[in-house]
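Participant: Here is a sequence together with a model predicted from it:
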Amino acid sequence: MDIYSKRLPTVKQLQYFIAVCEARSFRGAAEKLNISQPPLSIQIKDLEEKLEVTLFLRNSHNVVLTKEGEELKSRVASLLTDLCSITKAIKSNNVEKAIIGTTKTLSFDFIPYFKLFFSDFSDETEIYKHNYTSKELLTELQKENIDFALVSDYQTRDANENSLLIYQEPMILVLPISHPCSQHERVDLNDVTDLPLFWFKQYMNPAFYDQCERVFKTLNYPIIRRAELADNLSMLLEVALGKGMMLLPQSMAQAKVEGVVYKKLIENQYTNLSVDIYLIWRKNLKMRPINEAIIHYFKNE
């Protein structure tokens, strides 16, 4: 038998076969494939006739692979995996990818909204690997090193031109577990002004700094500031010792450190202390289908 033989199984038949193997039922496989059960049964029967073997032993309740079915399963799974890899590689080689820079302010992998986007566009996009701030990413846009940027500080934004406000990330309060407020479901900043706050310099993110200042000025007592340390882990360890507190974007509040708790703020502070995330694209960006699709995706979310 050669590769042109009409007696060879089709890819569809092999996909249906694997679906039945995984579901261990024809009904489950049909649901997985989003088809009705009769065409699935027809394809499996045709596959068995082409191979001249019985692949499944079945009754009204159970489906069991025969010895021949087990042998076919291991080979077909590998074959289909290779076919997927080949298809993806060829497709990737022929697609001019959109390059996207993401600000280091947030951990986009922990935000379902962005995780879904990057999954949906994985074949058509490339993440700019540099660990840049929003300000640095805007410079990269001007240099045309990237096509899009996801940034958190964009003071010169023109609402009618090459930008969209696409997400607002709330801030989470990080407290030592020894503090009385660590037992509260939500915390009022007025109740934690006895702790110094690790805080960034204004020049690092002027717009967000000013946004936070407006909230801090409404408190009954001023918040004492401590200069940020070199990294979050060092500050978390200081918080665990009761030497301060932190405000972190929700997606960055993932590290599990003994002696530290993460708490939501009371509603008005939770709402007003949020990080605005913008999608920005180059002004001279060529509107290829992939670029239009990315902009359309966020406009319609």
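Facilitator: Now that the structure is in, tell me what you want to look at.
Participant: in stretch 205-222, what's buried?
Facilitator: Using 16 or more other Cβ atoms under 10 Å as the burial criterion, the residues of stretch 205-222 that qualify are Asn205, Phe208, Gln211, Cys212, Val215, Phe216. Glycine gets a C-beta too; all of them are placed from N, C-alpha and C.
Participant: wait, is the fourth one part of a strand?
Facilitator: No: in this structure, Cys212 is helix, not part of a strand, as judged by DSSP: H, G, I helix; E, B strand; the rest coil.
Participant: quick one: the residue lying closest to it once chain neighbours are set aside and Asn162, what's the gap?
Facilitator: With sequence-adjacent residues excluded and distances taken as Cβ to Cβ, 6 or more residues apart in numbering, Cys212 is closest to Leu273, at 6.1 Å. Between Leu273 and Asn162 the distance is 27 Å, computed by Cβ to Cβ, to the nearest Å.
Participant: okay, these two: which has more neighbours?
Facilitator: Here Leu273 and Asn162 are compared on neighbour count by other Cβ atoms under 10 Å; more neighbours surround Leu273, at 21 against 16.
Participant: Point to the residue nearest the middle of the chain.
Facilitator: Lys115 (1.4 Å; Cα atoms, centre = their mean).
Participant: I'd assumed Phe108 was in contact with it.
Facilitator: Yes: here Lys115 lies in contact with Phe108, judged by Cβ atoms under 8 Å, at a distance of 7.2 Å.
Participant: hmm, back to that, how about the contacts made by the residue nearest to the centre of the chain?
Facilitator: The neighbours of Lys115, taking Cβ atoms under 8 Å, 6 or more residues apart in numbering as the test, are Phe108, Asp109.
Participant: per-residue confidence for it?
Facilitator: Per-residue confidence for Lys115 comes out at a pLDDT of 89.
Participant: quick one: it is in a strand?
Facilitator: No: with the criterion set as three-state DSSP, the secondary structure at Lys115 is helix rather than a strand.
Participant: contacting residues for Gly259?
Facilitator: Counting by Cβ under 8 Å, 6+ apart, Gly259 touches Pro176, Ile177, Ser178, Val239, Ala240, Leu241.
Participant: same thing but 6 Å
Facilitator: If you count contacts by Cβ atoms under 6 Å, 6 or more residues apart in numbering, Gly259 has them with Ile177, Ala240.
Participant: where's it relative to Ala19, distance?
Facilitator: The spacing between Gly259 and Ala19, counted by Cβ to Cβ, is 49 Å.
Participant: what does Pro38 give?
Facilitator: Note on Pro38: its distance to Ala19, by Cβ to Cβ, is 15 Å.
Participant: what's the domain layout of this structure?
Facilitator: Following automatic domain parsing, one gets these domains for the chain: 11-93, 98-166+276-299, 169-275.
Participant: got JSON lines for the ones you listed, with distance to Met1 too?
Facilitator: As requested, those are arranged in JSON lines below (distance: least, Cβ to Cβ, whole Å):
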{"stretch": "domain 11-93", "distance to Met1": "10"}
{"stretch": "domain 98-166+276-299", "distance to Met1": "34"}
{"stretch": "domain 169-275", "distance to Met1": "54"}
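Participant: average model confidence for stretch 201-218?
Facilitator: The predicted model assigns stretch 201-218 a mean pLDDT of 89.
Participant: ranges for the helices of the stretch 101-250 of the chain?
Facilitator: Counting by DSSP state H, counting those that start in this stretch, one finds helices in the stretch 101-250 of the chain at the ranges 112-120, 134-142, 206-216, 232-240.
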